[in-house]
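S.K.: Predicted model and sequence below, questions to follow.
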Amino acid sequence: MDSISNVVFYIATFFSVYLQVFLLITFLENRKKIVVNTLHLELEKYPGVTVVVPCYNEEKTIFRTVHSLLELDYPKDKLHLILIDDGSTDDTFSILKRFEGRNNIKVIKKENGGKHTAQNLGLKYTETPFVGCLDSDSLVHPQALKRIMNTFSKDESVSAVIPSILVTSSKNIVEKVQKAEYDLIVFNKKMFSFLNAIHVTPGPFAIFKKKVFDEIGPYRHAHNTEDQEIALRMHKHGYKIENCSDAYVYTSVPKTISRLYQQRVRWTYGFFRNMIDYRDLFFKKKFGNLGFLTLPSGIISFSGVIVMFVLLVANFVSFISKKILEIKTIGMSASFGIFKFDFFFINTKTLLFMTIFTYILLIIAIFIGKKMTEGKPGFPFEVLYLVPFYGFFAPFWIIRSFWNAIFKKESSWQMERVSL
């Protein structure tokens with residue numbers, strides 16, 4: 001059993017190290033292309049942009065979200081907002097109605113149907129060449145839209161641009177861990193952008209050319225992960241997705257382990273189901289790094305976690321069984337053999353060095369991600385408990401998601417929005 005665990009660990013570690021090294025090399029090759037606009041940016045042209053804000057029971061956050069959009073440094077006659085209440089049961093709609101009467105804002109209330117139905121309703125009212133979405137618990141940086149539109153202007157082949165998503169606040173350990181994770185995602189997304197391998201256009205302020213939806217269709221339910229499905233569909237039809245790393249969007253994250261668990265079950269379940277739906281993207285030269293790197297690495301990572309967790313549980317059960325047998329045989333003097341320390345002994349096993357090396361790569365990636373968003377970051381201390389935290393809790397939601405994917409049991413967007 002131990003040998004099997006080691007083999008699985010080495011395989012998982014190899015792919016993890018390979019991916020991080022590959023992304024770091026990508027960074028070194030493209031670091032001069034990463035631009036952080038600290039000065040006031042002006043564009044030669046300001047295309048019309050519509051931002052759809054779907055919401056359900058968001059009375060506590062929706063006012064700040066809409067206000068942040070109104071504070072965008074973008075010509076007001078070129079920015080249109082469509083605020084859609086997806087059948088809320090609280091005071092969300094009454095808050096939205098405060099914004100009625102403005103020329104560039106349309107407020108709609110509809111029967112509950114899920115996030116993708118609200119987004120598609122917004123598309124029907126969109127008359128601008130660009131359209132995007134903003135989750136109702138997120139805030140945008142005043143320069144975010146200008147920087148995104150600047151990215152479009154630099155490359156006409158780009159059909160969608162995604163921002164860098166940051167955590168609004170990190171007070172407890174659950175939030176701090178996610179902050180480190182989001183800093184890592186900032187780095188990874190930019191590297192995947194260089195590789196044309198972005199597989200999610202996230203709800204917080206991804207901006208599209210309207211013709212994308214006109215040509216390949218609107219959002220789909222997509223197992224409550226419509227932002228991933230539309231990105232995969234775009235790749236399938238040859239559309240390019242870019243990342244604007246200095247377009248900042250600030251989002252709320254779950255504050256408790258139970259809420260984080262609910263969120264990740266939905267995300268991971270959606271990933272598994274979308275991988276099944278888009279299995280024809282794998283290992284096809286036509287889809288480049290997306291089919292050979294991004295999607296396979298996700299499958300390998302989740303599969304490795306499941307196998308390792310099962311083996312660890314099996315080893316633990318085997319260990320306890322042996323110790324019980326020892327106690328029955330020779331009494332309580334039996335040693336559990338767990339806490340052994342020798343001051344003159346240093347563990348030189350490959351396992352230890354691989355773990356340390358992986359940690360170092362992780363720290364470097366998070367540090368670069370923080371630098372891309374904060375300028376001069378300090379040491380990312382959150383990484384010290386990032387791996388132990390996710391190492392303990394992630395197997396539970398991954399296994400639950402895998403189980404749900406097999407039996408097609410999905411969580412609802414509305415239920416999650418209430419809980420977060």
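M.R.: All right, it came through fine.

S.K.: quick one, strands of the chain?
M.R.: 49-55, 79-86, 105-110, 130-133, 138-140, 158-167, 207-209, 240-251 (DSSP state E).

S.K.: Which secondary structure element of the protein has the lowest mean pLDDT?
M.R.: Confidence across the helices and strands of the chain bottoms out at helix 413-419, with a mean of 43, counting by mean pLDDT, DSSP states H and E.

S.K.: so what's the backbone phi/psi at the residue lying closest to F292 once chain neighbours are set aside?
M.R.: Among residues not flanking F292 along the chain, F283 sits closest, at 6.2 Å (C-beta to C-beta, 6 or more residues apart in numbering). Glycine gets a C-beta too; all of them are placed from N, C-alpha and C. The phi/psi pair for F283 (degrees, to the nearest 10) reads phi 50, psi 40.

S.K.: any idea how far F283 lies from N30?
M.R.: Counting by C-beta to C-beta, to the nearest Å, the gap from F283 to N30 is 25 Å.

S.K.: Same drill for the two, tell me which one is more crowded.
M.R.: More crowded of F283 and N30, by other C-beta atoms under 10 Å: N30, with 14 against 11.

S.K.: got any ranges where this structure has weak pLDDT?
M.R.: 1-6, 8, 38-39, 331-351, 411-420 (pLDDT under 70).

S.K.: Output the longest helix belonging to it.
M.R.: helix 295-330 (DSSP state H).

S.K.: chain center to that helix, what's the gap?
M.R.: Distance, stretch centre to chain centre, for helix 295-330: 29 Å (C-alpha atoms, centre = their mean, to the nearest Å).

S.K.: Show me where the stretch 51-200 of the chain has its helices.
M.R.: Using DSSP state H, counting those that start in this stretch, the helices of the stretch 51-200 of the chain run over 62-70, 92-96, 115-124, 144-154, 173-194.

S.K.: could you dump the third one to CSV, C-alpha only?
M.R.: As requested, C-alpha coordinates have been extracted for helix 115-124 and formatted as CSV (Å, rounded to 0.1, in the frame of the first residue of the first chain):
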residue,chain,number,x,y,z
LYS,A,115,-28.0,33.0,-13.4
HIS,A,116,-27.7,32.0,-17.1
THR,A,117,-31.3,33.0,-17.8
ALA,A,118,-30.7,36.4,-16.3
GLN,A,119,-27.6,36.8,-18.4
ASN,A,120,-29.4,35.8,-21.6
LEU,A,121,-32.2,38.2,-20.9
GLY,A,122,-29.5,40.9,-20.6
LEU,A,123,-28.1,39.9,-24.0
LYS,A,124,-31.5,40.4,-25.6
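
S.K.: picking that back up, now do the contacts for the residue nearest to F292.
M.R.: The neighbours of F283, taking C-beta atoms under 8 Å, 6 or more residues apart in numbering as the test, are G291, F292, P296.

S.K.: Now for the closest residue to P163 other than its chain neighbours: which residues touch it?
M.R.: Nearest residue to P163 in three dimensions, chain neighbours excluded: A247, at 3.9 Å (C-beta to C-beta, 6+ apart). Listed by C-beta under 8 Å, 6+ apart, the contact partners of A247 are H141, Q143, A144, L145, R147, I148, T151, V161, P163, S164, F205.

S.K.: Identify the residues contacting A365.
M.R.: Q20, L23, L24, L184, F187, N188.

S.K.: how about those in TSV, adding distance to P54?
M.R.: Output for these, formatted as TSV (distance: C-beta to C-beta, whole Å):
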residue	distance to P54
Q20	35
L23	32
L24	37
L184	27
F187	29
N188	26
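
S.K.: With distance to Y278 and neighbour count added, can I get those residues in CSV?
M.R.: Shown next, in CSV, are these (distance: C-beta to C-beta, whole Å; neighbours: other C-beta atoms under 10 Å):
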residue, distance to Y278, neighbour count
Q20, 25, 21
L23, 22, 22
L24, 28, 16
L184, 24, 23
F187, 25, 25
N188, 20, 18
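
S.K.: any idea how far F194 is from T26?
M.R.: 5 Å.

S.K.: Okay, the residue nearest to D277 when sequence neighbours are not counted and H221: tell me how far apart.
M.R.: Once flanking residues are discounted, D277 sits nearest to E229: 7.4 Å by C-beta to C-beta, 6+ apart. Relative to H221, E229 is positioned 8 Å away (C-beta to C-beta).

S.K.: Among these two, which residue is more densely surrounded?
M.R.: E229 (23 against 15).

S.K.: any idea how far S303 is from that one?
M.R.: For E229, the distance to S303 - C-beta to C-beta - is 21 Å.

S.K.: ok, now Y182?
M.R.: From Y182 to S303 the distance is 24 Å (C-beta to C-beta).

S.K.: cool, and D91?
M.R.: 44 Å.

S.K.: wait, doesn't T61 sit right on D135?
M.R.: No. Contact criterion C-beta atoms under 8 Å: T61 and D135 do not qualify, at 9.3 Å.

S.K.: which one of those two has more residues nearby?
M.R.: Legend: neighbour count by other C-beta under 10 Å for T61 and D135, higher for D135 (22 against 19).

S.K.: Now the closest residue to that one other than its chain neighbours. Its backbone dihedrals?
M.R.: Closest residue to D135 apart from its sequence neighbours, by C-beta to C-beta, 6+ apart: G203 at 4.3 Å. Main-chain dihedrals, G203, degrees, to the nearest 10: phi -50, psi -40.

S.K.: you'd agree G203 is up against Q228?
M.R.: No. Counting by C-beta under 8 Å, G203 sits too far from Q228 to count as a contact (10.3 Å).

S.K.: and the nearest residue in space to F187 that is not next to it in sequence, how far is that from Y219?
M.R.: Using C-beta to C-beta, 6+ apart and skipping the chain neighbours, the partner closest in space to F187 is G369 (3.6 Å). From G369 across to Y219, the span is 28 Å (C-beta to C-beta).

S.K.: Specify which residue of those two has the higher count of neighbours.
M.R.: The residue with more neighbours, out of G369 and Y219, is G369; 27 against 22, by other C-beta under 10 Å.

S.K.: who touches the more buried one in this structure?
M.R.: D183, L184, I185, V186, F187, N188.

S.K.: Distance of P47 relative to Y18?
M.R.: 40 Å.

S.K.: try S303
M.R.: S303 is 16 Å from Y18, by C-beta to C-beta.

S.K.: Any idea how many residues pack against N103?
M.R.: Neighbours around N103, by other C-beta under 10 Å: 8.
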